[in-house]
Each structure stands twice: as C-alpha cells, then as structure tokens.
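[1] Whatever this is, show me its structure:
(4 chains)
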2 protein chains.
Amino acid sequence: MKKSDRTRQDILDATASSLSSAGYTATTVKSIAETIGMQDASIYYHFSSKDELVGEVLDIGTARAVTAVDQALAELPDAHDPREALRVAIIAHAEAVLGGGDYPRANVRTFGQLPPDLTHRHRQGHRNYGQIWTQLIDDGVESGALRGDLNRSVARLIIIGALCWAIEWFDAAEEVSAADVGEHVFQMVVNGLSVGEHESPAVSV
Amino acid sequence: MKKSDRTRQDILDATASSLSSAGYTATTVKSIAETIGMQDASIYYHFSSKDELVGEVLDIGTARAVTAVDQALAELPDAHDPREALRVAIIAHAEAVLGGGDYPRANVRTFGQLPPDLTHRHRQGHRNYGQIWTQLIDDGVESGALRGDLNRSVARLIIIGALCWAIEWFDAAEEVSAADVGEHVFQMVVNGLSVGEHESPAVSV
DNA sequence: TGACTTTTCTAGTGTGTACTAGATTTAATC
DNA sequence: GATTAAATCTAGTACACACTAGAAAAGTCA
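    Coordinates of the predicted model:
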C-alpha cells in the first residue's frame, strides 16, 4: 500500500513538471516513466490512461490556485477596501501560478492544447475560479471603488489573461519575482479601473 | 505557374485556419490536404515540410500584425499625446489578432506549442514587434504622460499578454468586438499607468 | 494532335505514440 | 521459509504521423 502511493505521487509530480515546461503533446507516457526510472507500461498500473493522469494533475493545480486565492482573501481584515481584495487576489494568483509548484503552472501552460475531453472536464473548475474574480469586481463596482462603465466580464478576463500569459515570459525575466508581477498587474489594471482622483496606494509613486 | 500559386495560397490559408483554431499538434498535413480536397502527399510538391509551411504562415502573421500597428501609428497627427499612440496601437493589435484573418491569430494561438526550431526561427520577429511597444512606453514615460515607477519591460509584457490571451475567450464572448477588447485594455491598463489627475479620455466615464 | 511540363495521386516506409497481455520480480504475511 | 499479493518488466499491437518514390493525370503550347 505504501509503495504504491509513493510511486503514484512520483508519477503525478513528474507529469506536472513535464506539462508545465513542455506542454501536453511533448509530455509522453514514456518520458514521464523515464523521469522516475520506470518502464512506460508500469504507469498503467497506477493510472488507466494518459488523460486520466493529466486530468488529475490539472485538478490538483486548480485546487491549489483556488486555495491560494481564497486563503489570501480570508486573511484580509473584516473591513477592507475592495481594491485591496483585488490586489491580494492578484498577487496570490501570480505567486501560485508563477512562483508556486508545477501543478498550477501546468494548468495555465496547457490551456488551449488539451484534447476536447480534458477541456470539457475542467470547464466547470475554470468557471468556479472565474466566479471568485467576478465577485471581487462586482464588490468593487457596487461599493463605488471601481468604474462601472466597463464590461465587467471583459475586465475580469483581461486581468486573468495578463496573469496567465505571464507564464510565457516570467522565467526569462530576471530580477522580477512572482509577487512583483502581481503588483505590476494590480498597479496598471486596478488604478485604471479605480474611480476618482487616485490616492495612489502605498506601494507606488 | 498560375495553378501552382493558387494551390499554394490555398494550402497556406487552410494551414492558417487550422493553426488558429486547433493549434500546432492538431494541424496535421493530412487534415490540411483534406480541407482543400487533396491528398496529403501533394502538399509536398509545394512545401518541403510541415514546419516550413507552418513557418511561412507564421511569418505572414507577424508581418500583418506589424503592418497593422505601424499603419495605425502613422495615421496619428504629428503632435499627439503618447497615450493616444498607445491606445491606437493596442486597438490595432486587438483588431489584427482577434478580428483580423487567421494568420496573426495562428501566431498567437500556437505560441508556446511550437517545436524548438520554429520557436527559434520567430524569436527575432517577436523581438522586433516588442520593440515597437517598448518605444511607445518609453515615449510615454519620458514625456511625463506615463508613470515611471514601474518596470517598463514588465508593463509591456502585461499589455501584450492581456491582448494575446484574449484569443482564448474572445470567440465565446458575444456582443464584444475586437476594438472593444482593445478599448478595454487601454482603459484599464493605460489609465493605470498614467500620471496625475486623470482627465478621462472621451470614450469613457 | 502530339510532345512536353506541371501537378496530383497511389502506395508505400519508418517512427513515435498510447496502450495491452502475460511473465517476472519484489514486497508483505503467515 | 513458503505462500500470496503487489508492483514492475518484457514484448508486443494498433494507429497516426510526417514524409518518399514513382506512376498517373492534367495542363500548356507547337
């Protein structure tokens, strides 16, 4: 029993690592097996198919990203500026996807390259994640802290998009931390959304 | 001579279409041939390999995006606000990639899924394109219209990233045009960058 | 029409992929 | 230490892929 769990975990880790750096197609069952010193056929003792294995990795990645953002929001003081909530969420997302482990990264990296079955399997998870951001933006607009003249759905997708795409250049950008990227996205995007005379928040200016 | 050119163009068009909707791996030589009613082997009379064909499609896509942005900037009045230049460039990019043909779209869609040879082949093209944006941001900062306290390189990548990622959700977003997406990115990102008391531009507020 | 060139097709090759079946080894239990 | 169960391996299948060779067809022009 023990052995199996350990091996299973090794397989998941190797898959997450490969997905996050090489993408879906280049992640072959054989390459995963080689990474952990096994024959490719042995993988099938633990997982019934490549896609079931990949699906499990992506599930873990989604869960970790959601947890990271939820936890960051939970640590806010009871009465807080809705902009601060957005800031905390953006930075938590950036740290989870860029600086965190391979699992959340695999999620973003393989987005748009997955076979239809897997895409469909994770649609609900993505919707749920998007819901967190919809709520944050709605709170901001309804409290008057954020502009209401823009399409909220488009605004949400632009924020998430800027963060997700960062995975394509983050590794090559030296001297910039994951939190830095989040801070930049917040500074650019939220100060753009924010209504009024810009009492620029502590961090900048 | 005529026949060959026509067929060649059909092959390029079919490849661009497939790349932009299905990605690199799912774009097979056979599927391209089927789209235009040929046998897969016949493709090789016109192109020596799949990657040469794909490379040519990507070259065309890059050229079209560059042309679109350059042209939009050229149409600005001689004396213009650097923010307006950024706005015009952002909208031109959005229209080229989202609303334009399959070629620029293929470029963005396959980013990160290409084999190393092709990635390397287009590195210079991407750098040149990035240079346009670097210049726009530098102009803005040096004229005092844009904040100088943020990392310009990160800012540039965030803007381009927000635009590129839009390809992943744009088709599903109804009632939003490519120009709308560009306008939203500008409103969010540039008003966040801009220094001072926000004389919100005509379009919004 | 007939000679010639251009273009496409038929029929394959070789390689890499996910996956399977059954033998073999390793580990746990009595 | 023998028996059983768990885990891995060896050896293969079937299929999709990019690509090739040479025959066939289509087009061109005297």
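
[2] Not counting sequence-adjacent ones, nearest residue to residue A:110?
    Nearest non-adjacent residue to residue A:110, counting by CB to CB, 6 or more residues apart in numbering or on different chains: residue A:24, 4.7 Å away. Bear in mind the C-beta positions are built from the backbone N, C-alpha and C, glycine included.

[3] For the one you found, which three-state class applies?
    Using DSSP: H, G, I helix; E, B strand; the rest coil, the structure places residue A:24 in helix.

[4] can you check residue A:144 too?
    Residue A:144, by the three-state scheme (three-state DSSP), is coil.

[5] Give me the phi and psi angles of it.
    Per-residue torsions, residue A:144: phi 90, psi 0 (degrees, to the nearest 10).

[6] Just give me the neighbour total for it.
    11 (other CB atoms under 10 Å in any protein chain shown).

[7] can you count the residues close to the residue nearest to residue A:110?
    22.

[8] Need the pLDDT of it.
    The confidence metric pLDDT takes the value 97 at residue A:24.

[9] again, but for residue A:204
    29.

[10] Span of stretch A:72-91 from start to end?
    Start-to-end span of stretch A:72-91 (CA to CA, to the nearest Å) is 9 Å.

[11] Need the residues that contact it.
    Stretch A:72-91 has contacts (CB atoms under 8 Å, 6 or more residues apart in numbering or on different chains) with A:69, A:92, A:132-133, A:136-137, A:139-140, A:143, A:145-146, A:159, A:163, A:179, A:182-183, A:185-186, A:189-190, A:194, A:201.

[12] from the chain's centre, how far out does it sit?
    17 Å (CA atoms, centre = their mean, to the nearest Å).

[13] try stretch A:175-192
    Relative to its chain's centre, stretch A:175-192 lies at 15 Å (CA atoms, centre = their mean).

[14] What of stretch A:155-166?
    10 Å.

[15] ditto for stretch A:107-118
    Worked out by CA atoms, centre = their mean, stretch A:107-118 lies 13 Å from the chain centre.

[16] What residues of that stretch count as buried?
    A:107-114, A:118 (16 or more other CB atoms under 10 Å in any protein chain shown).

[17] Which of the helices or strands spans the closest residue in space to residue A:160 that isn't next to it in sequence?
    Closest residue to residue A:160 apart from its sequence neighbours, by CB to CB, 6+ apart: residue A:133 at 6.5 Å. Element membership of residue A:133 [criterion: DSSP states H and E] is helix A:123-142.

[18] Tell me the buried residues in that helix?
    Those would be A:125, A:129, A:132-133, A:136-137, A:140-141, for helix A:123-142 by 16+ other CB under 10 Å.

[19] can you redo those as a markdown table with distance to residue B:86?
    Formatted as a markdown table, the buried residues of helix A:123-142 follow (distance: CB to CB, whole Å):
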| residue | distance to residue B:86 |
| --- | --- |
| A:125 | 35 |
| A:129 | 30 |
| A:132 | 30 |
| A:133 | 25 |
| A:136 | 26 |
| A:137 | 23 |
| A:140 | 24 |
| A:141 | 25 |
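
[20] Out of those residues, which are close to DNA strand C?
    Taking CB under 7 Å from any atom of the strand as the test, DNA strand C is in contact with none of these.
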